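A.B. asks: What follows is a protein structure lacking sequence information:
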């Protein structure tokens, strides 16, 4: 394989890794919105918490908040 092709594949692989590591801009906005609602981003909400929205599509999909006792 020519050197230019090797460099291309290396750069392409680096872009894929960066896309996996850093969340999209929309995910950061959803995470900030969850924090403003006094919630936290988790993979699963606990039994005494309610789901009030979404944070990210993969690692922490739910925005959880303690449910009020009536």
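C.D. replies: Right, received. Where do you want to start? Computed from a predicted structure; not experimentally measured.
A.B. asks: Which residue ranges of this protein form helices?
C.D. replies: 3-21, 25-36 (DSSP state H).
A.B. asks: Show me which residues of the longest one are buried.
C.D. replies: By 16 or more other C-beta atoms under 10 Å, helix 3-21 has no buried positions at all. From N, CA and C alone the C-beta is placed, and that goes for glycine too.
A.B. asks: got it, and the shortest one?
C.D. replies: Neighbour counts using 16+ other C-beta under 10 Å place 27, 30-31, 34 of helix 25-36 among the buried residues.
A.B. asks: between those residues, which is nearest residue 52?
C.D. replies: residue 34 (7.4 Å; C-beta to C-beta).
A.B. asks: residue ranges with poor pLDDT in the chain?
C.D. replies: Low-confidence segments of the chain, defined by pLDDT under 70: 1, 21-26, 56-60, 69-70.
A.B. asks: What's the separation between residue 7 and residue 14?
C.D. replies: 11 Å (C-beta to C-beta, to the nearest Å).
A.B. asks: from memory residue 51 sits against residue 43, does it?
C.D. replies: No - between residue 51 and residue 43 no contact is recorded; they are 11.8 Å apart, counting by C-beta atoms under 8 Å.
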